[in-house]
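J.: The following comprises the amino acid sequence and a computationally predicted model.
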Amino acid sequence: MVRNRILLSISLILSVIFVSFYGGTTAYLLFYSLVILPVIAWGYTAYVYLRLHFYQEVGQRKVVKGELVPYYFKLVNKDYLTYSHIKLYFHQEFSTIQADALETVYCLLPGDEIKRETMLCCKYRGEYAVGVKSIEITDFLYLFRVNYPVMWGPKLTVLPKVCELEQLMLTTLDEDPKTLSYHMGGREGFLESDVKKYTGGEPRKFIHWKASAKKGEILVRQYTEPMELSQYLLMDLRRLEGEVFEQVVREDCLLTGALSLGWYYQNRHIQYEIVYEQNGIKECTIHNEKDFWQFYKRTTDFKFYSDLSIGTLLKRIRTSQSFNDVYVLTSLLDAELGCAVLEQIKKGNKVTILLIIPHLDEKVYALKEELENQGIKTYIIHHQEHLYEILKRGEEGRCSKKEVLFSMS
């Protein structure tokens, strides 16, 4: 385009010189033609801008992250002029479109219609526009270009994806029970008295392997006092700083982590609580699969605008008197959270921090090291794939894994 403008400018200067020195009909015809051409080109561009018909639509407005959705767009020329150069730009930060639909330039003959049907995939949880972001129109001489945004594009509500974990390296459920600290009335230790036959649904950690080998059947430990392991998932829904893209990615990662942990416990018939602040502190107890999917649907309406810090939220949760696993999912690690975690440790609870942050500065790193010196695990999660590896592998990276995409039931 720049080259064409330079050539036109040089031609116009030469035509002026030609008219000045020689004159005549031919010279003036050439001069006026070169003057009128840019005007015609600009008028053509404005005409196409006003007359181009564009349509786009998606197969459904509520999808799960990673799910392929039917998508189509259509360009229509209802006039007697050729639309020579139409270029489409797509939203590609939060969604992707199969490459065969990303043809860069379209030319529409009079009465022509171009329709492209393809598949669209959303990469992050949230609500955002997808499809064509803007349309660029260029005149037939490649002198002028008009680019205008598509304001009527479809918006999708994207639900988070759940990662199914066959084993979770972060939890105490897969540890040997003899290595767990059981706090009851200031006393430590398991109160093991006998064994019994294994029944479906009991945690595998209670299996007494030596007794099972002797008897030839699976036996589990019994306890004179029932050991109640309580699980808590705390979500930090405060407003995040930074670019919109970075905010969406961190919000998506936080919710995916909470749901994946929750699904792991639900699959093992373990009751747990999800605690967060959304117009007041909410404590959502998950007893069964129905409760889980109800909470899952609720995440669609989550707004990250809480004013309550995660440290304050951790101090306010009502943990039981028995051993507790507490997971804190946050994007901000500060001294207040560190103090709240230490208080929970003194009560006999195990606290694990999942810190979702793209970059780790020196201050946060120093606080992380200080907490780990106190025996508090802090996992740094930079992006979605890193989250999956942390949940499935922990620090050892030995467990089997698979990912399952869940849709709403």
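T.: All right, it came through fine.

J.: Count the neighbours of residue 262 for me.
T.: Using other CB atoms under 10 Å, the number of residues around residue 262 comes to 23. No exception for glycine: its C-beta is placed from N, CA and C like everyone else's.

J.: tell me which element it falls in.
T.: In this assignment (DSSP states H and E), residue 262 forms part of helix 244-267.

J.: Following the chain onward from that helix, which element is next?
T.: Moving toward the C-terminus from helix 244-267, the next element (DSSP H and E) is strand 272-277.

J.: got the angle between the helix holding residue 262 and strand 272-277?
T.: Taking axes from the mean of the first three to the mean of the last three CA atoms, to 10 degrees, one finds that helix 244-267 is oriented at 150 degrees with respect to strand 272-277.

J.: who are the neighbours of helix 244-267, in terms of helices and strands?
T.: Helices and strands touching helix 244-267, as assessed by 3 or more CB pairs under 8 Å, 6 or more residues apart in numbering; DSSP states H and E, comprise strand 126-129, strand 230-235, strand 272-277, strand 281-286, helix 289-298, strand 324-330, strand 350-356, helix 384-393.

J.: Recalculate using a threshold of 6 Å.
T.: Judged by 3 or more CB pairs under 6 Å, 6 or more residues apart in numbering; DSSP states H and E, the packing partners of helix 244-267 are strand 230-235, strand 324-330, strand 350-356, helix 384-393.

J.: for this protein, what spans make up the helices?
T.: In the chain, helices defined by DSSP state H lie at 2-21, 25-51, 209-215, 244-267, 289-298, 310-316, 335-346, 362-373, 384-393, listed in chain order.

J.: Can you give the contact residues for the third one?
T.: Residues outside helix 209-215 that contact it (CB atoms under 6 Å, 6 or more residues apart in numbering): 195, 218-219.

J.: So which of the residues you listed are in strands?
T.: Helix and strand membership here follows DSSP state E; of the contacts of helix 209-215, those in strands are 195, 219.

J.: Now, of the contacts of helix 209-215, which are buried?
T.: Burial by neighbour count, 16 or more other CB atoms under 10 Å: within the contacts of helix 209-215 this picks out 195, 218-219.

J.: Hmm, which of the residues you listed is lowest in pLDDT?
T.: In terms of pLDDT, the weakest of the buried ones among the contacts of helix 209-215 is residue 195, which scores 71.

J.: re earlier: in CSV, list the buried ones among the contacts of helix 209-215 along with distance to residue 88.
T.: Rendered in CSV, the data for the buried ones among the contacts of helix 209-215 read as follows (distance: CB to CB, whole Å):
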residue, distance to residue 88
195, 69
218, 62
219, 66
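
J.: buried residues in the helix holding residue 262?
T.: Of the residues in helix 244-267, 247-266 count as buried by neighbour count, 16+ other CB under 10 Å.

J.: tell me the domain ranges of this structure?
T.: Domain assignment for the chain, taken from automatic domain parsing, gives 2-49, 52-159, 179-223, 229-393.

J.: so which of those gets nearest residue 165?
T.: Between residue 165 and these, the shortest gap by CB to CB is with domain 229-393, which sits at 4.6 Å.

J.: hang on, isn't residue 239 packed against residue 305?
T.: Yes. Using CB atoms under 6 Å, residue 239 makes contact with residue 305 at a distance of 5.2 Å.

J.: Report the residue spans of the chain with pLDDT below the cut-off.
T.: Filtered on pLDDT under 70, the chain yields the residue ranges 99-103, 167-194, 200-205, 222-229, 318-323, 383-386, 388, 392-409.

J.: What's the local residue count around the closest residue to residue 113 other than its chain neighbours?
T.: If the residues on either side of it in the chain are set aside, residue 113 comes closest to residue 76, at 4.9 Å by CB to CB, 6 or more residues apart in numbering. Counted by other CB under 10 Å, the residues lying close to residue 76 total 17.

J.: Could you say which one of the helices of the chain comes nearest to residue 127?
T.: Each of the helices of the chain was checked against residue 127 via CB to CB, and the shortest separation belongs to helix 244-267, namely 9.6 Å.

J.: now the angle from the closest one to helix 289-298?
T.: Computed by the same axes, to 10 degrees, the angle between helix 244-267 and helix 289-298 is 170 degrees.

J.: Which residues does helix 244-267 contact?
T.: Around helix 244-267, the neighbours that count as contacts under CB under 6 Å, 6+ apart are 93, 124-126, 160, 162-163, 165, 168, 231, 233, 235, 240, 272, 289, 292, 299, 304, 327, 329, 331, 354, 356, 384, 387, 391.

J.: From those, list just the buried residues.
T.: If you count burial by 16+ other CB under 10 Å, the buried members of the contacts of helix 244-267 come out as 124-126, 160, 162-163, 165, 168, 231, 233, 235, 240, 272, 292, 299, 304, 327, 329, 331, 354, 356, 384, 387, 391.

J.: coming back round to it: output the helices and strands packed on helix 244-267 in TSV; the columns should cover distance to residue 148.
T.: Conversion of the helices and strands packed on helix 244-267 to TSV gives the following (distance: least, CB to CB, whole Å):
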stretch	distance to residue 148
strand 230-235	40
strand 324-330	41
strand 350-356	37
helix 384-393	33
